[in-house]
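*Asks:* my questions concern the predicted model and sequence given below.
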Amino acid sequence: MATVSSPSSTATTSWRKRAERLGAPQAPTREGAAKRAFALVMLLAAALGCSTGGLRPGLRGENAPRLRDASYRKALDRATRFESCYDGLDARAYFAITFESDAFRKARVIATARMLGMSRGDEEALLADELEAGAESLEFLVSLYTPTLAWNDMTSDRSIWAIEIPRVGEPPTPPSSIERIPRPDANMQALYPHASPFGATYRVRFPRVDAMGRPVPGPATPRLVLQIASALCTIDPSWESLER
């Protein structure tokens with residue numbers, strides 16, 4: 001039996017074919033938006049003359065606030081690592097990773113209290129909560145930028161990324177949780193300039209002790225290393241033991 005197309009579907013198909021012949025722009029897609037955002041990251045890197053290892057991909061929204069607390073910005077710089085993945089000259093992914101050490105948590109609490117005009121009591125309560133969270137887990141804030149939307153996924157079963165903390169003489173430790181932050185708000189963008197609408201931001205947590213009760217990463221491991229690997233590349237940013 002012949003298939004009969006409705007007038008509306010036939011008209012739509014005909015319009016699309018005419019648009020393709022005339023070179024008219026097509027309707028935007030999420031994949032296209034991801035590629036345009038990634039191209040913007042690339043243009044910014046070229047404009048700043050950044051090397052592949054030194055690119056800092058924090059692209060703010062037009063109305064995102066800027067935190068001018070110099071001491072906090074120094075603490076953020078010490079806690080943050082920037083990594084790039086390339087295939088020849090083709091960029092595949094950019095990472096900005098902040099380790100939430102106790103020292104960094106204290107600096108962030110002070111900056112947050114100043115930003116929000118918190119009372120001394122509220123600041124002390126927030127600090128207590130932060131230090132308690134730090135005692136329970138090793139936590140990283142990861143911003144990821146990719147030209148292909150499907151690559152920017154660290155939470156689903158289809159994710160291409162394997163994430164772990166390598167250890168000397170012990171099996172690597174996998175994350176206890178990975179949480180995607182849907183859209184960083186203005187306060188978060190002020191505290192973490194690399195968390196922006198142009199990429200995706202994740203909280204990655206690891207246990208402080210493994211299933212056998214041994215500390216992570218352990219006394220035999222001189223540096224804390226976060227390994228993120230896929231067919232695209234492997235990165236392994238590290239932090240000094242005293243920053244844990």
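*Replies:* Happy to help now that I have it.
*Asks:* contacting residues around Arg73?
*Replies:* Arg73 is in contact with Leu67, counting by Cβ atoms under 8 Å, 6 or more residues apart in numbering. Every residue, glycine included, has its C-beta placed from N, CA and C.
*Asks:* lowest-pLDDT helix or strand in this structure?
*Replies:* helix 7-22 (a mean of 43; mean pLDDT, DSSP states H and E).
*Asks:* name whatever forms a beta bridge with the residue minimising distance to the centre of the chain.
*Replies:* Most central in the chain under Cα atoms, centre = their mean is Ser143, positioned 1.3 Å from the mean C-alpha point. Beta-bridge partners of Ser143, counted by DSSP bridges, are Ala96, Thr201.
*Asks:* quick check: it vs Met188, distance?
*Replies:* Ser143 is 11 Å from Met188, where distance means Cβ to Cβ, to the nearest Å.
*Asks:* need the overlap of contacts for these two.
*Replies:* Common neighbours of Ser143 and Met188 (criterion: Cβ under 8 Å, 6+ apart): Ala195.
*Asks:* check which helices and strands the helix or strand that contains Met115 sits against.
*Replies:* Per DSSP states H and E: Met115 is located in helix 102-116. The contact analysis (3 or more Cβ pairs under 8 Å, 6 or more residues apart in numbering; DSSP states H and E) places helix 102-116 against helix 70-79, helix 120-136, helix 186-191.
*Asks:* out of those helices, deepest packed?
*Replies:* Mean neighbour count (mean count of other Cβ atoms under 10 Å) peaks for helix 186-191 among those, with a mean of 18.
*Asks:* just to revisit the earlier point, can you tell which of the helices and strands packed on helix 102-116 is closest to Leu224?
*Replies:* The closest of these to Leu224 is helix 70-79. By Cβ to Cβ, the value is 11.4 Å.
*Asks:* what angle separates the closest one from helix 102-116?
*Replies:* Calculated by axes from the mean of the first three to the mean of the last three Cα atoms, to 10 degrees, helix 70-79 forms an angle of 140 degrees with helix 102-116.
*Asks:* would you mark the buried spots in whichever helix or strand comes after helix 70-79?
*Replies:* Where DSSP H and E defines the elements, the next helix or strand beyond helix 70-79 is strand 80-87. Neighbour counts over strand 80-87 (16 or more other Cβ atoms under 10 Å) mark 80-85 as buried.
*Asks:* going by distance to Ala135, which of these wins?
*Replies:* When those are ranked by distance to Ala135 (Cβ to Cβ), Thr80 comes first, at 21.8 Å.
*Asks:* thinking again about what came up before, as JSON lines, the helices and strands packed on helix 102-116 with mean pLDDT and distance to Leu149 would be great.
*Replies:* Output for those, formatted as JSON lines (pLDDT from 0 to 100; distance: least, Cβ to Cβ, whole Å):
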{"stretch": "helix 70-79", "mean pLDDT": "95", "distance to Leu149": "28"}
{"stretch": "helix 120-136", "mean pLDDT": "97", "distance to Leu149": "31"}
{"stretch": "helix 186-191", "mean pLDDT": "93", "distance to Leu149": "21"}
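*Asks:* any chance of those helices in CSV, plus distance to Ala231?
*Replies:* CSV is the format used below for those (distance: least, Cβ to Cβ, whole Å):
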stretch, distance to Ala231
helix 70-79, 29
helix 120-136, 33
helix 186-191, 31
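*Asks:* can you tell which of the ones you listed is closest to Thr173?
*Replies:* Closest among the helices and strands packed on helix 102-116, using Cβ to Cβ: helix 120-136, at 14.3 Å.
*Asks:* with only the CA atoms kept, save the closest one in CSV.
*Replies:* The C-alpha trace of helix 120-136 is given here as CSV (Å, rounded to 0.1, in the frame of the first residue of the first chain):
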residue,chain,number,x,y,z
ARG,A,120,30.1,35.8,62.3
GLY,A,121,27.9,33.0,63.7
ASP,A,122,26.7,32.0,60.3
GLU,A,123,30.2,32.0,58.9
GLU,A,124,31.5,29.8,61.7
ALA,A,125,28.6,27.4,61.1
LEU,A,126,29.3,27.2,57.4
LEU,A,127,33.0,26.6,58.1
ALA,A,128,32.1,23.7,60.5
ASP,A,129,29.9,22.2,57.8
GLU,A,130,32.6,22.5,55.2
LEU,A,131,35.3,20.9,57.4
GLU,A,132,33.0,18.1,58.2
ALA,A,133,32.3,17.5,54.5
GLY,A,134,36.0,17.5,53.9
ALA,A,135,36.7,15.0,56.6
GLU,A,136,34.2,12.6,55.0
